[in-house]
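**Q** need a 3D model of the sequence below.
(2 chains, ligands or ions: 2)
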Amino acid sequence: MDRILAQLPRFLSADNLVLLAEAAGMTLALTAVGCGIGFGLAFLLVYLRQSPGRWALPLRLLCIAYVEVFRRIPFLVVTYLVLFFIQAVASNASLFTIAVVAICIHATAYTAEIVRGGLESVPRQQIEAAQAMNIGRLRTTVLIVLPQAWPVIVPPAIAYAVSFIKDTSLVSQIGVFELTFRAKELNNQGFSGILAYGAIALVYFVISFPLSLLGQHLEKRLATSRAERRARRLRRA
Amino acid sequence: MPHLELRDVRAGYGALEVLRGVSLAVDRGEVVALVGPSGSGKSTVLRVLMGLTPLSAGQVSIDGRPVDFRSRGELRALRDRMAIVFQQYNLFQNMTVMGNVTLAPLRIKRWPRAEVEAEARALLAKVGLAGREDAYPDELSGGQQQRVAIARALALRPEILLLDEVTSALDPELVNEVLDTIRTLAAEGMTMLIVSHEMGFVREIADRVVMMDAGEVIEAGPPAEILDNPRTERARRFFGKVLRH
Ligand SMILES: Nc1ncnc2c1ncn2[C@@H]1O[C@H](COP(=O)(O)OP(=O)(O)O)[C@@H](O)[C@H]1O
Ligand SMILES: [Mg+2]
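**A** Ligands and ions are numbered 1, 2, ... in the order given. Have a look, this model is predicted:
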(Lines give C-alpha, C1' and ligand atoms only; values in the text may rest on other atoms or scores of the structure.)
(Ligands and ions follow the chains in the order given, each with its own letter.)
Protein backbone atom coordinates (compact mmCIF):
# COMPACT_ATOMS: atom_id res chain seq x y z
CA MET A 1 0.00 0.00 0.00
CA ASP A 2 2.79 2.38 0.88
CA ARG A 3 4.48 1.48 -2.38
CA ILE A 4 1.35 2.40 -4.30
CA LEU A 5 1.06 5.77 -2.58
CA ALA A 6 4.71 6.45 -3.18
CA GLN A 7 4.33 5.63 -6.87
CA LEU A 8 1.20 7.69 -7.30
CA PRO A 9 2.76 11.10 -8.17
CA ARG A 10 5.04 9.54 -10.77
CA PHE A 11 2.18 7.41 -12.10
CA LEU A 12 0.02 10.48 -12.53
CA SER A 13 2.69 12.35 -14.47
CA ALA A 14 1.56 14.23 -17.54
CA ASP A 15 3.35 11.81 -19.84
CA ASN A 16 1.64 8.79 -18.36
CA LEU A 17 -1.78 10.43 -18.45
CA VAL A 18 -1.36 11.33 -22.12
CA LEU A 19 -0.35 7.76 -22.89
CA LEU A 20 -3.37 6.46 -21.00
CA ALA A 21 -5.66 8.85 -22.85
CA GLU A 22 -4.18 7.73 -26.16
CA ALA A 23 -4.72 4.11 -25.19
CA ALA A 24 -8.32 4.91 -24.24
CA GLY A 25 -8.72 6.61 -27.61
CA MET A 26 -7.40 3.47 -29.29
CA THR A 27 -9.85 1.29 -27.37
CA LEU A 28 -12.73 3.55 -28.40
CA ALA A 29 -11.56 3.72 -32.01
CA LEU A 30 -11.28 -0.07 -32.23
CA THR A 31 -14.80 -0.45 -30.89
CA ALA A 32 -16.34 2.31 -32.99
CA VAL A 33 -14.71 1.36 -36.29
CA GLY A 34 -15.00 -2.41 -35.76
CA CYS A 35 -18.59 -2.41 -34.54
CA GLY A 36 -19.60 0.31 -37.02
CA ILE A 37 -18.38 -1.62 -40.03
CA GLY A 38 -19.59 -4.88 -38.49
CA PHE A 39 -23.04 -3.39 -38.06
CA GLY A 40 -23.14 -2.32 -41.72
CA LEU A 41 -21.99 -5.76 -42.82
CA ALA A 42 -24.63 -7.34 -40.58
CA PHE A 43 -27.32 -5.51 -42.58
CA LEU A 44 -25.85 -6.78 -45.80
CA LEU A 45 -25.64 -10.31 -44.40
CA VAL A 46 -29.26 -10.31 -43.24
CA TYR A 47 -30.42 -8.83 -46.54
CA LEU A 48 -28.62 -11.57 -48.46
CA ARG A 49 -29.91 -14.19 -46.05
CA GLN A 50 -33.46 -13.12 -46.82
CA SER A 51 -32.98 -13.50 -50.58
CA PRO A 52 -35.99 -15.36 -51.96
CA GLY A 53 -35.97 -18.16 -54.47
CA ARG A 54 -34.30 -21.49 -55.00
CA TRP A 55 -31.18 -20.11 -56.69
CA ALA A 56 -30.36 -18.16 -53.53
CA LEU A 57 -30.33 -21.25 -51.29
CA PRO A 58 -26.51 -21.59 -51.17
CA LEU A 59 -26.26 -17.90 -50.36
CA ARG A 60 -28.78 -18.26 -47.53
CA LEU A 61 -26.96 -21.28 -46.13
CA LEU A 62 -23.65 -19.45 -46.31
CA CYS A 63 -25.07 -16.50 -44.36
CA ILE A 64 -26.57 -18.77 -41.73
CA ALA A 65 -23.31 -20.74 -41.46
CA TYR A 66 -21.30 -17.56 -41.00
CA VAL A 67 -23.42 -16.41 -38.09
CA GLU A 68 -23.56 -19.82 -36.43
CA VAL A 69 -19.82 -20.45 -36.79
CA PHE A 70 -18.47 -17.10 -35.67
CA ARG A 71 -20.81 -16.84 -32.71
CA ARG A 72 -19.22 -20.02 -31.39
CA ILE A 73 -15.56 -19.13 -31.77
CA PRO A 74 -13.96 -17.15 -28.90
CA PHE A 75 -13.08 -13.64 -29.96
CA LEU A 76 -9.44 -14.15 -28.98
CA VAL A 77 -9.21 -17.13 -31.32
CA VAL A 78 -10.71 -15.09 -34.15
CA THR A 79 -8.11 -12.41 -33.45
CA TYR A 80 -5.21 -14.86 -33.70
CA LEU A 81 -6.66 -16.43 -36.84
CA VAL A 82 -6.96 -13.02 -38.47
CA LEU A 83 -3.45 -12.11 -37.32
CA PHE A 84 -1.84 -15.18 -38.84
CA PHE A 85 -4.01 -15.14 -41.93
CA ILE A 86 -3.36 -11.49 -42.73
CA GLN A 87 0.32 -11.79 -41.98
CA ALA A 88 0.48 -14.69 -44.41
CA VAL A 89 -1.05 -12.68 -47.25
CA ALA A 90 -0.02 -9.08 -46.41
CA SER A 91 2.88 -8.92 -44.02
CA ASN A 92 2.86 -5.12 -43.76
CA ALA A 93 -0.70 -4.79 -42.40
CA SER A 94 -0.87 -2.74 -39.20
CA LEU A 95 -1.93 -4.32 -35.94
CA PHE A 96 -4.80 -1.83 -35.81
CA THR A 97 -6.12 -3.09 -39.14
CA ILE A 98 -5.82 -6.67 -37.99
CA ALA A 99 -7.68 -5.93 -34.76
CA VAL A 100 -10.41 -4.03 -36.61
CA VAL A 101 -10.90 -6.90 -39.05
CA ALA A 102 -11.19 -9.36 -36.16
CA ILE A 103 -13.73 -7.14 -34.41
CA CYS A 104 -15.71 -6.74 -37.65
CA ILE A 105 -15.91 -10.50 -38.14
CA HIS A 106 -17.12 -11.00 -34.60
CA ALA A 107 -19.47 -8.01 -34.51
CA THR A 108 -21.07 -8.91 -37.84
CA ALA A 109 -22.02 -12.36 -36.57
CA TYR A 110 -23.44 -11.00 -33.32
CA THR A 111 -25.31 -7.97 -34.61
CA ALA A 112 -26.73 -9.92 -37.55
CA GLU A 113 -29.09 -11.61 -35.11
CA ILE A 114 -30.10 -8.22 -33.69
CA VAL A 115 -30.72 -6.84 -37.19
CA ARG A 116 -32.66 -9.92 -38.26
CA GLY A 117 -34.86 -9.75 -35.17
CA GLY A 118 -35.58 -6.10 -35.93
CA LEU A 119 -36.42 -6.64 -39.60
CA GLU A 120 -38.62 -9.62 -38.78
CA SER A 121 -40.53 -7.61 -36.18
CA VAL A 122 -42.20 -5.64 -38.99
CA PRO A 123 -45.51 -7.32 -39.92
CA ARG A 124 -45.21 -9.41 -43.07
CA GLN A 125 -48.52 -8.05 -44.37
CA GLN A 126 -46.96 -4.65 -45.02
CA ILE A 127 -44.27 -6.29 -47.09
CA GLU A 128 -46.91 -8.18 -49.05
CA ALA A 129 -48.77 -4.92 -49.67
CA ALA A 130 -45.54 -3.51 -51.08
CA GLN A 131 -45.03 -6.59 -53.24
CA ALA A 132 -48.56 -6.27 -54.60
CA MET A 133 -47.63 -2.74 -55.71
CA ASN A 134 -44.45 -3.89 -57.47
CA ILE A 135 -42.23 -2.20 -54.90
CA GLY A 136 -38.92 -4.07 -55.02
CA ARG A 137 -37.28 -5.80 -52.09
CA LEU A 138 -34.49 -3.25 -51.56
CA ARG A 139 -36.93 -0.33 -51.73
CA THR A 140 -39.33 -2.08 -49.39
CA THR A 141 -36.52 -2.70 -46.92
CA VAL A 142 -35.27 0.87 -47.03
CA LEU A 143 -38.58 2.73 -47.18
CA ILE A 144 -40.90 0.53 -45.14
CA VAL A 145 -39.10 -2.09 -43.07
CA LEU A 146 -36.03 -0.27 -41.76
CA PRO A 147 -37.83 2.81 -40.45
CA GLN A 148 -40.04 0.52 -38.36
CA ALA A 149 -37.23 -1.87 -37.39
CA TRP A 150 -34.90 0.90 -36.19
CA PRO A 151 -36.35 1.25 -32.68
CA VAL A 152 -36.01 -2.51 -32.24
CA ILE A 153 -32.46 -2.67 -33.59
CA VAL A 154 -30.68 0.37 -32.20
CA PRO A 155 -30.88 -0.18 -28.41
CA PRO A 156 -29.46 -3.73 -28.36
CA ALA A 157 -26.91 -2.80 -31.03
CA ILE A 158 -25.62 0.04 -28.85
CA ALA A 159 -25.66 -2.20 -25.81
CA TYR A 160 -23.61 -4.73 -27.75
CA ALA A 161 -21.05 -2.13 -28.84
CA VAL A 162 -20.75 -0.71 -25.34
CA SER A 163 -20.18 -4.12 -23.83
CA PHE A 164 -17.68 -4.84 -26.58
CA ILE A 165 -15.52 -1.96 -25.32
CA LYS A 166 -14.50 -4.38 -22.55
CA ASP A 167 -13.78 -7.22 -24.93
CA THR A 168 -11.38 -5.14 -27.03
CA SER A 169 -8.89 -5.73 -24.20
CA LEU A 170 -8.32 -9.14 -25.77
CA VAL A 171 -6.53 -7.60 -28.75
CA SER A 172 -3.77 -6.51 -26.34
CA GLN A 173 -2.68 -10.13 -26.79
CA ILE A 174 -1.46 -9.36 -30.31
CA GLY A 175 0.17 -6.11 -29.18
CA VAL A 176 -2.31 -3.43 -30.14
CA PHE A 177 -1.63 -0.31 -28.09
CA GLU A 178 -4.95 -0.09 -26.33
CA LEU A 179 -5.77 0.25 -22.63
CA THR A 180 -4.97 -3.24 -21.42
CA PHE A 181 -1.69 -3.36 -23.34
CA ARG A 182 -0.83 0.02 -21.80
CA ALA A 183 -1.48 -1.33 -18.30
CA LYS A 184 0.73 -4.31 -18.98
CA GLU A 185 3.50 -1.96 -20.04
CA LEU A 186 3.16 0.26 -16.99
CA ASN A 187 3.30 -2.84 -14.85
CA ASN A 188 6.45 -3.95 -16.65
CA GLN A 189 7.96 -0.50 -16.07
CA GLY A 190 7.77 -1.21 -12.34
CA PHE A 191 4.46 0.38 -11.44
CA SER A 192 2.27 -1.59 -9.08
CA GLY A 193 -0.14 -3.88 -10.91
CA ILE A 194 -2.93 -2.66 -8.68
CA LEU A 195 -2.24 0.89 -9.77
CA ALA A 196 -1.86 0.10 -13.47
CA TYR A 197 -4.86 -2.20 -13.83
CA GLY A 198 -6.89 -0.18 -11.31
CA ALA A 199 -6.36 2.91 -13.44
CA ILE A 200 -7.51 1.29 -16.69
CA ALA A 201 -10.44 -0.36 -14.88
CA LEU A 202 -11.54 3.15 -13.98
CA VAL A 203 -11.04 4.33 -17.57
CA TYR A 204 -13.08 1.41 -18.97
CA PHE A 205 -15.90 2.32 -16.62
CA VAL A 206 -15.69 6.03 -17.35
CA ILE A 207 -15.98 5.55 -21.13
CA SER A 208 -18.61 2.79 -21.00
CA PHE A 209 -21.00 4.21 -18.47
CA PRO A 210 -22.00 7.43 -20.27
CA LEU A 211 -22.37 5.46 -23.50
CA SER A 212 -24.78 3.01 -21.92
CA LEU A 213 -26.75 5.95 -20.49
CA LEU A 214 -26.84 7.41 -24.01
CA GLY A 215 -28.12 4.05 -25.28
CA GLN A 216 -30.89 3.97 -22.70
CA HIS A 217 -31.84 7.53 -23.52
CA LEU A 218 -31.99 6.70 -27.22
CA GLU A 219 -34.10 3.64 -26.49
CA LYS A 220 -36.66 5.75 -24.65
CA ARG A 221 -36.68 8.38 -27.35
CA LEU A 222 -37.17 5.87 -30.14
CA ALA A 223 -39.98 4.20 -28.23
CA THR A 224 -41.88 7.41 -27.62
CA SER A 225 -41.26 9.28 -30.85
CA ARG A 226 -44.58 8.25 -32.42
CA ALA A 227 -46.50 9.03 -29.24
CA GLU A 228 -44.81 12.42 -29.01
CA ARG A 229 -45.59 13.20 -32.60
CA ARG A 230 -49.22 12.44 -31.94
CA ALA A 231 -49.22 14.65 -28.82
CA ARG A 232 -47.66 17.50 -30.80
CA ARG A 233 -50.28 17.19 -33.48
CA LEU A 234 -53.11 17.14 -30.97
CA ARG A 235 -51.70 20.24 -29.29
CA ARG A 236 -51.54 22.00 -32.66
CA ALA A 237 -55.07 21.04 -33.58
CA MET B 1 -63.39 -13.67 -73.38
CA PRO B 2 -63.28 -13.07 -69.60
CA HIS B 3 -60.97 -10.34 -68.33
CA LEU B 4 -59.87 -12.52 -65.45
CA GLU B 5 -60.19 -16.26 -65.19
CA LEU B 6 -59.20 -18.99 -62.75
CA ARG B 7 -59.34 -22.56 -63.93
CA ASP B 8 -59.06 -25.48 -61.48
CA VAL B 9 -56.77 -23.49 -59.23
CA ARG B 10 -55.28 -25.34 -56.30
CA ALA B 11 -53.27 -23.55 -53.65
CA GLY B 12 -52.53 -23.67 -49.96
CA TYR B 13 -50.09 -22.94 -47.18
CA GLY B 14 -47.50 -25.66 -46.70
CA ALA B 15 -49.28 -28.96 -46.29
CA LEU B 16 -52.70 -27.31 -45.92
CA GLU B 17 -54.58 -27.27 -49.21
CA VAL B 18 -56.98 -24.34 -49.07
CA LEU B 19 -58.18 -24.02 -52.69
CA ARG B 20 -59.23 -27.38 -54.11
CA GLY B 21 -59.82 -26.64 -57.74
CA VAL B 22 -61.40 -23.20 -57.99
CA SER B 23 -62.75 -21.98 -61.32
CA LEU B 24 -64.31 -18.59 -61.83
CA ALA B 25 -64.33 -15.85 -64.42
CA VAL B 26 -64.88 -12.10 -64.34
CA ASP B 27 -65.72 -10.19 -67.51
CA ARG B 28 -64.32 -6.77 -68.31
CA GLY B 29 -66.19 -4.14 -66.31
CA GLU B 30 -68.06 -6.79 -64.35
CA VAL B 31 -68.41 -6.77 -60.57
CA VAL B 32 -68.29 -10.25 -59.10
CA ALA B 33 -68.89 -10.85 -55.40
CA LEU B 34 -67.10 -13.75 -53.76
CA VAL B 35 -69.05 -15.00 -50.77
CA GLY B 36 -68.82 -17.95 -48.43
CA PRO B 37 -68.18 -18.96 -44.84
CA SER B 38 -65.07 -17.74 -43.11
CA GLY B 39 -62.10 -19.97 -43.85
CA SER B 40 -63.52 -21.09 -47.19
CA GLY B 41 -60.54 -19.61 -49.05
CA LYS B 42 -61.85 -16.28 -50.38
CA SER B 43 -58.83 -14.27 -49.30
CA THR B 44 -56.57 -16.98 -50.66
CA VAL B 45 -58.16 -16.58 -54.11
CA LEU B 46 -57.21 -12.90 -54.06
CA ARG B 47 -53.71 -13.72 -52.77
CA VAL B 48 -53.18 -16.19 -55.60
CA LEU B 49 -54.28 -13.56 -58.12
CA MET B 50 -51.76 -11.06 -56.69
CA GLY B 51 -48.99 -13.66 -56.84
CA LEU B 52 -48.61 -13.70 -53.05
CA THR B 53 -49.57 -17.34 -52.60
CA PRO B 54 -48.26 -19.74 -55.25
CA LEU B 55 -50.72 -22.00 -57.00
CA SER B 56 -49.87 -25.70 -57.05
CA ALA B 57 -52.11 -26.54 -60.00
CA GLY B 58 -54.51 -24.90 -62.44
CA GLN B 59 -54.25 -21.68 -64.33
CA VAL B 60 -54.93 -17.97 -64.03
CA SER B 61 -55.54 -16.05 -67.27
CA ILE B 62 -55.82 -12.36 -67.99
CA ASP B 63 -57.53 -11.48 -71.28
CA GLY B 64 -57.33 -15.16 -72.15
CA ARG B 65 -53.55 -15.27 -71.75
CA PRO B 66 -52.25 -17.65 -69.05
CA VAL B 67 -50.07 -16.02 -66.40
CA ASP B 68 -46.76 -17.60 -65.44
CA PHE B 69 -46.35 -16.50 -61.83
CA ARG B 70 -42.77 -17.75 -61.73
CA SER B 71 -41.73 -15.27 -64.39
CA ARG B 72 -40.71 -12.00 -62.74
CA GLY B 73 -41.67 -10.03 -65.82
CA GLU B 74 -45.15 -11.51 -66.06
CA LEU B 75 -45.71 -11.09 -62.33
CA ARG B 76 -44.66 -7.45 -62.60
CA ALA B 77 -46.97 -6.86 -65.54
CA LEU B 78 -49.84 -8.55 -63.70
CA ARG B 79 -49.33 -6.47 -60.57
CA ASP B 80 -49.11 -3.38 -62.71
CA ARG B 81 -52.68 -3.90 -63.91
CA MET B 82 -54.21 -5.15 -60.69
CA ALA B 83 -54.62 -3.66 -57.21
CA ILE B 84 -55.82 -5.16 -53.96
CA VAL B 85 -57.37 -3.86 -50.76
CA PHE B 86 -56.44 -6.31 -48.02
CA GLN B 87 -58.81 -7.47 -45.34
CA GLN B 88 -56.38 -6.12 -42.72
CA TYR B 89 -55.64 -2.96 -44.82
CA ASN B 90 -51.86 -3.55 -44.49
CA LEU B 91 -51.01 0.15 -44.48
CA PHE B 92 -47.38 1.20 -44.13
CA GLN B 93 -47.28 2.20 -40.48
CA ASN B 94 -44.26 4.50 -40.86
CA MET B 95 -45.91 6.64 -43.52
CA THR B 96 -48.66 9.21 -43.43
CA VAL B 97 -51.94 8.69 -45.24
CA MET B 98 -50.57 10.75 -48.12
CA GLY B 99 -47.32 8.76 -48.11
CA ASN B 100 -49.24 5.50 -48.31
CA VAL B 101 -51.39 6.64 -51.21
CA THR B 102 -48.64 8.28 -53.27
CA LEU B 103 -45.68 5.92 -52.69
CA ALA B 104 -46.18 3.54 -55.61
CA PRO B 105 -47.58 6.11 -58.10
CA LEU B 106 -44.53 8.31 -57.49
CA ARG B 107 -41.77 5.74 -57.10
CA ILE B 108 -42.95 2.82 -59.18
CA LYS B 109 -45.26 4.29 -61.82
CA ARG B 110 -43.14 7.46 -61.87
CA TRP B 111 -46.10 9.69 -62.59
CA PRO B 112 -45.62 13.46 -62.10
CA ARG B 113 -45.77 14.52 -58.46
CA ALA B 114 -48.28 17.35 -58.84
CA GLU B 115 -50.70 15.09 -60.67
CA VAL B 116 -50.25 12.21 -58.20
CA GLU B 117 -50.79 14.42 -55.16
CA ALA B 118 -53.84 16.11 -56.63
CA GLU B 119 -55.36 12.74 -57.46
CA ALA B 120 -54.52 11.39 -54.01
CA ARG B 121 -56.29 14.32 -52.37
CA ALA B 122 -59.29 13.87 -54.63
CA LEU B 123 -59.45 10.15 -53.85
CA LEU B 124 -59.12 10.73 -50.13
CA ALA B 125 -61.90 13.31 -50.28
CA LYS B 126 -64.03 10.83 -52.19
CA VAL B 127 -63.73 8.28 -49.39
CA GLY B 128 -64.38 10.90 -46.72
CA LEU B 129 -60.83 11.49 -45.53
CA ALA B 130 -60.21 15.08 -46.63
CA GLY B 131 -57.96 16.80 -44.10
CA ARG B 132 -56.43 13.58 -42.77
CA GLU B 133 -53.58 13.47 -45.30
CA ASP B 134 -50.89 13.92 -42.66
CA ALA B 135 -52.23 11.43 -40.13
CA TYR B 136 -50.42 8.17 -39.44
CA PRO B 137 -52.31 4.87 -39.70
CA ASP B 138 -52.17 4.25 -35.94
CA GLU B 139 -54.01 7.51 -35.43
CA LEU B 140 -56.97 6.35 -37.51
CA SER B 141 -59.91 4.09 -36.78
CA GLY B 142 -60.22 0.75 -38.54
CA GLY B 143 -62.81 2.16 -40.94
CA GLN B 144 -60.59 5.12 -41.77
CA GLN B 145 -57.61 2.86 -42.40
CA GLN B 146 -59.74 0.75 -44.68
CA ARG B 147 -60.67 3.80 -46.71
CA VAL B 148 -57.01 4.82 -46.95
CA ALA B 149 -56.32 1.34 -48.31
CA ILE B 150 -59.09 1.82 -50.89
CA ALA B 151 -57.64 5.19 -51.94
CA ARG B 152 -54.16 3.65 -52.09
CA ALA B 153 -55.39 0.93 -54.43
CA LEU B 154 -57.35 3.34 -56.64
CA ALA B 155 -54.38 5.71 -56.92
CA LEU B 156 -52.69 2.94 -58.93
CA ARG B 157 -55.47 3.26 -61.56
CA PRO B 158 -55.84 -0.51 -61.83
CA GLU B 159 -57.75 -2.29 -64.55
CA ILE B 160 -58.75 -4.95 -62.08
CA LEU B 161 -59.52 -4.25 -58.45
CA LEU B 162 -59.61 -6.90 -55.74
CA LEU B 163 -61.43 -5.95 -52.56
CA ASP B 164 -61.33 -8.10 -49.44
CA GLU B 165 -64.15 -7.44 -46.97
CA VAL B 166 -64.00 -3.70 -47.62
CA THR B 167 -67.20 -2.89 -45.82
CA SER B 168 -66.42 -4.90 -42.69
CA ALA B 169 -64.93 -2.01 -40.70
CA LEU B 170 -66.93 0.84 -42.24
CA ASP B 171 -69.42 2.93 -40.32
CA PRO B 172 -72.92 2.36 -41.74
CA GLU B 173 -73.17 5.88 -43.17
CA LEU B 174 -69.90 5.39 -45.01
CA VAL B 175 -70.92 2.11 -46.58
CA ASN B 176 -73.02 4.17 -49.00
CA GLU B 177 -70.11 6.44 -49.93
CA VAL B 178 -67.88 3.48 -50.63
CA LEU B 179 -70.69 1.77 -52.49
CA ASP B 180 -71.11 4.86 -54.67
CA THR B 181 -67.38 4.92 -55.35
CA ILE B 182 -67.44 1.28 -56.38
CA ARG B 183 -70.52 1.81 -58.55
CA THR B 184 -68.86 4.73 -60.30
CA LEU B 185 -65.74 2.65 -60.92
CA ALA B 186 -67.84 -0.18 -62.30
CA ALA B 187 -69.63 2.24 -64.61
CA GLU B 188 -66.23 3.46 -65.79
CA GLY B 189 -65.41 -0.11 -66.77
CA MET B 190 -63.20 -1.31 -63.93
CA THR B 191 -63.27 -5.04 -63.36
CA MET B 192 -63.85 -5.97 -59.74
CA LEU B 193 -63.72 -9.06 -57.60
CA ILE B 194 -65.17 -8.29 -54.20
CA VAL B 195 -65.11 -10.52 -51.15
CA SER B 196 -67.95 -9.65 -48.87
CA HIS B 197 -70.26 -11.16 -46.30
CA GLU B 198 -72.74 -8.33 -46.36
CA MET B 199 -75.51 -9.57 -48.56
CA GLY B 200 -77.19 -6.16 -48.82
CA PHE B 201 -73.99 -4.77 -50.25
CA VAL B 202 -73.55 -7.76 -52.54
CA ARG B 203 -77.10 -7.47 -53.88
CA GLU B 204 -76.56 -3.74 -54.56
CA ILE B 205 -73.22 -3.95 -56.26
CA ALA B 206 -72.64 -7.33 -57.82
CA ASP B 207 -73.43 -8.40 -61.36
CA ARG B 208 -72.73 -11.95 -60.33
CA VAL B 209 -72.18 -13.84 -57.12
CA VAL B 210 -69.78 -16.73 -56.67
CA MET B 211 -70.21 -18.78 -53.55
CA MET B 212 -67.31 -20.75 -52.09
CA ASP B 213 -67.19 -23.35 -49.38
CA ALA B 214 -64.21 -25.38 -48.18
CA GLY B 215 -62.00 -24.33 -51.06
CA GLU B 216 -64.51 -25.02 -53.82
CA VAL B 217 -67.01 -22.98 -55.80
CA ILE B 218 -70.47 -24.20 -54.87
CA GLU B 219 -72.68 -21.87 -56.90
CA ALA B 220 -72.36 -18.95 -59.28
CA GLY B 221 -74.96 -16.70 -60.89
CA PRO B 222 -76.86 -13.40 -60.65
CA PRO B 223 -77.42 -12.15 -57.08
CA ALA B 224 -81.17 -12.64 -57.19
CA GLU B 225 -80.75 -16.26 -58.19
CA ILE B 226 -77.97 -17.17 -55.76
CA LEU B 227 -79.12 -15.17 -52.76
CA ASP B 228 -82.83 -15.89 -53.02
CA ASN B 229 -82.94 -19.35 -54.55
CA PRO B 230 -79.76 -21.20 -53.70
CA ARG B 231 -79.78 -24.62 -55.31
CA THR B 232 -77.46 -26.49 -53.01
CA GLU B 233 -78.02 -27.41 -49.41
CA ARG B 234 -74.65 -25.92 -48.37
CA ALA B 235 -75.52 -22.56 -49.93
CA ARG B 236 -78.99 -22.60 -48.36
CA ARG B 237 -77.47 -23.21 -44.95
CA PHE B 238 -74.91 -20.40 -45.43
CA PHE B 239 -77.39 -17.80 -46.66
CA GLY B 240 -79.86 -18.87 -44.00
CA LYS B 241 -77.26 -18.03 -41.37
CA VAL B 242 -76.05 -14.79 -42.97
CA LEU B 243 -79.45 -13.41 -43.81
CA ARG B 244 -80.92 -14.16 -40.42
CA HIS B 245 -78.65 -11.71 -38.60
N1 LIG C 1 -50.80 -17.31 -44.16
C2 LIG C 1 -51.46 -18.44 -43.86
N3 LIG C 1 -50.80 -19.52 -43.39
C4 LIG C 1 -51.44 -20.65 -43.09
N5 LIG C 1 -52.76 -20.85 -43.24
C6 LIG C 1 -53.49 -19.82 -43.69
C7 LIG C 1 -52.89 -18.56 -44.03
N8 LIG C 1 -53.86 -17.73 -44.47
C9 LIG C 1 -55.01 -18.44 -44.40
N10 LIG C 1 -54.80 -19.68 -43.93
C11 LIG C 1 -55.82 -20.73 -43.77
O12 LIG C 1 -56.43 -20.94 -45.02
C13 LIG C 1 -57.81 -21.14 -44.87
C14 LIG C 1 -58.57 -20.19 -45.76
O15 LIG C 1 -58.27 -18.88 -45.37
P16 LIG C 1 -58.82 -17.61 -46.14
O17 LIG C 1 -58.46 -17.71 -47.57
O18 LIG C 1 -58.31 -16.42 -45.39
O19 LIG C 1 -60.39 -17.75 -45.97
P20 LIG C 1 -61.53 -16.64 -46.01
O21 LIG C 1 -60.96 -15.38 -46.56
O22 LIG C 1 -62.59 -17.23 -46.86
O23 LIG C 1 -61.99 -16.47 -44.60
C24 LIG C 1 -58.11 -20.98 -43.40
O25 LIG C 1 -58.24 -22.27 -42.84
C26 LIG C 1 -56.92 -20.28 -42.85
O27 LIG C 1 -56.68 -20.69 -41.54
MG1 LIG D 1 -60.70 -13.55 -45.65
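
**Q** any idea where the strands of chain B begin and end?
**A** Using DSSP state E, the strands of chain B run over B:4-13, B:16-26, B:31-35, B:55-62, B:65-66, B:82-85, B:160-164, B:191-195, B:208-213, B:216-221.

**Q** poorly predicted segments of chain A, please.
**A** Counting by pLDDT under 70, chain A shows low-confidence ranges at A:225-237.

**Q** in chain A, what residue is nearest ligand 2?
**A** Nearest to ligand 2 in chain A, going by CB to the ion, is residue A:125, at a distance of 12.5 Å. Any C-beta I mention is one placed from the backbone N, CA and C, and that applies to glycine too.

**Q** quick one: that residue is in a helix?
**A** Yes: Residue A:125 forms part of a helix when assessed by DSSP: H, G, I helix; E, B strand; the rest coil.

**Q** for it, which non-adjacent residue is spatially closest?
**A** Distances taken as CB to CB, 6 or more residues apart in numbering or on different chains place residue B:90 nearest to residue A:125, at 4.2 Å, with adjacent residues excluded.

**Q** hang on, the one you found packs against residue A:129?
**A** Yes: using CB atoms under 8 Å, residue B:90 is in contact with residue A:129, at 3.9 Å.

**Q** between these two, who's got more neighbours?
**A** residue A:129 (28 against 24; other CB atoms under 10 Å in any protein chain shown).

**Q** in stretch B:117-132, what's buried?
**A** B:117, B:119-121, B:123-124, B:126-129, B:132 (16 or more other CB atoms under 10 Å in any protein chain shown).

**Q** and the helices in the chain, which stretches?
**A** No chain was given, so I picked chain A. Assigned by DSSP state H, chain A shows helices spanning A:2-11, A:14-49, A:57-70, A:75-89, A:95-120, A:124-132, A:137-140, A:146-167, A:179-188, A:193-236.

**Q** actually it's chain B I care about, not the one you picked
**A** Under DSSP H, chain B gives helices at B:42-49, B:72-81, B:97-107, B:113-126, B:142-154, B:172-187, B:199-205, B:223, B:233-244.

**Q** tell me the angle of the longest one relative to strand B:31-35?
**A** Relative orientation of helix B:172-187 and strand B:31-35, computed by axes from the mean of the first three to the mean of the last three CA atoms, to 10 degrees: 130 degrees.

**Q** also compute the angle for helix B:172-187 relative to strand B:160-164, please.
**A** 160 degrees.

**Q** which positions in chain A make contact with chain B?
**A** Applying CB under 8 Å from any CB of the partner chain, we find that chain A lies next to chain B at A:123, A:125-126, A:128-135, A:139, A:143-144, A:147-148, A:226, A:229-230, A:233.

**Q** of the residues you listed, buried ones?
**A** With neighbours counted by 16+ other CB under 10 Å, the residues of chain A next to chain B contain buried members at A:126, A:128-135, A:143-144, A:148.

**Q** of those residues, which pair is most distant in space?
**A** A:134 and A:148 (20.5 Å; CB to CB).

**Q** which of the helices of chain A sits closest to residue B:215?
**A** Of these, nearest to residue B:215 by CB to CB is helix A:124-132, at 20.8 Å.

**Q** list the contacts of the residue lying closest to residue A:182 once chain neighbours are set aside.
**A** In space, and not counting its chain neighbours, residue A:182 is closest to residue A:23: 3.8 Å by CB to CB, 6+ apart. By CB atoms under 8 Å, 6 or more residues apart in numbering or on different chains, the residues touching residue A:23 are A:177-179, A:181-182, A:200.

**Q** same check, this time on residue A:132
**A** Residue A:132 touches B:50-52, B:79, B:83-84, counting by CB under 8 Å, 6+ apart.

**Q** let me have the residues you listed in CSV, extended by neighbour count.
**A** Below are those laid out as CSV (neighbours: other CB atoms under 10 Å in any protein chain shown):
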residue, neighbour count
B:50, 21
B:51, 20
B:52, 19
B:79, 23
B:83, 25
B:84, 28
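
**Q** just those residues now: which is nearest residue B:8?
**A** Nearest to residue B:8 among the contacts of residue A:132, with distances taken as CB to CB, is residue B:51, at 17.9 Å.

**Q** pLDDT value on the closest one, please?
**A** With respect to pLDDT, residue B:51 scores 96.

**Q** again with residue B:94
**A** 95.

**Q** report how many residues lie close to whichever residue of chain B sits closest to ligand 2.
**A** Nearest residue of chain B to ligand 2 (CB to the ion) works out as residue B:43 at 3.2 Å. Around residue B:43 there are 21 other residues, counting by other CB under 10 Å.
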